[in-house]
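Participant: Model the structure of this input:
(one chain, ligands or ions: 1)
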Amino acid sequence: MLMANVDGTKMDDSEVYETLRQVIQNCILTEGFNVEDLASFDFELLFLHLRAKSISETVALNYVCTNEVDGAPCNQPLELNIDISKITVQRPDKDDRKVFFTDTLGVIMNYPNVTTIKKIPQFLTSRSDTLNEGAFALITECIGFVFDGEKIHDAREVPKEEMEDFVEHLSTQDYEKILTFFTKIPSVRARVEKACSKCGFSHVVEVEGLTSFFD
Ligand SMILES: [Zn+2]
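Facilitator: Numbering: from 1, shown residues only. Here you go, the predicted model:
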């Protein structure tokens with residue numbers, strides 16, 4: 001029912017993330033803090049809270065009412081004000097990180113951090129039978145544990161070549177299962193209700209993903 005005003009000069013997602021990554025790393029003075037250790041959604045939430053403290057507690061988004069009145073769209077500009085404290089991350093179940101290849105064999109994935117997540121769009125469009133180098137590295141990087149029945153191996157303790165060999169031998173089906181994990185990674189979201197001041201239509205807008213919160 002609503003259309004965002006799309007600004008042609010918008011930075012692409014990876015540029016946004018790179019800028020934010022530097023901002024957060026520079027803002028947090030805790031010794032040993034490394035922004036690369038945060039899961040992408042924790043990073044997003046942290047960024048929004050830093051922004052709330054430093055700039056404004058609300059984010060204003062400009063929309064246009066597309067509700068049809070007498071056969072024509074209303075076109076009334078609408079400003080949505082989102083209270084940053086109301087933005088949440090729908091955390092997935094712990095078990096979502098578990099990917100089963102057979103009844104007993106599988107991996108426990110780590111959520112990608114802010115640097116890794118930038119590589120996902122290209123990964124998702126790569127075909128499973130031509131696993132490209134980027135996808136290959138991404139999967140290897142995100143596997144936290146490999147389990148085989150009762151045995152659990154911490155990927156950090158497995159020699160790198162062994163992990164690469166393991167990933168290299170994943171079947172197309174295994175690969176698809178990992179793909180599903182990557183498509184379900186949560187992101188920051190907010191649900192906003194706004195009535196159009198012109199036609200009165202009551203809009204419910206779901207805003208999801210960090211870059212969606214900025215025009
Ligand atoms: Zn309207």
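Participant: residue at max distance from the center of the protein?
Facilitator: For the chain, the residue at maximal distance from the C-alpha centroid (C-alpha atoms, centre = their mean) is D70, at 39.4 Å.
Participant: Assumed E31 was part of a strand.
Facilitator: No - counting by DSSP: H, G, I helix; E, B strand; the rest coil, E31 is not part of a strand but coil.
Participant: For the chain, what lies in contact range of the ion?
Facilitator: Within the chain, the positions near the ion by C-beta under 5 Å from the ion are C65, N67, C74, Q76, C196, K198, C199, F201. All C-beta spots, glycine's among them, are computed from the backbone N, C-alpha and C.
Participant: pLDDT, neighbour count and secondary structure added to those residues, as CSV?
Facilitator: Shown next, in CSV, are the residues of the chain next to the ion (pLDDT from 0 to 100; neighbours: other C-beta atoms under 10 Å; DSSP: H, G, I helix; E, B strand; the rest coil):
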residue, pLDDT, neighbour count, secondary structure
C65, 96, 24, strand
N67, 95, 17, coil
C74, 96, 18, coil
Q76, 96, 16, coil
C196, 96, 22, coil
K198, 96, 14, coil
C199, 96, 15, coil
F201, 96, 18, coil
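Participant: Throw those residues into TSV and include distance to S85, thanks.
Facilitator: Formatted as TSV, the residues of the chain next to the ion follow (distance: C-beta to C-beta, whole Å):
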residue	distance to S85
C65	26
N67	29
C74	30
Q76	28
C196	25
K198	29
C199	30
F201	27
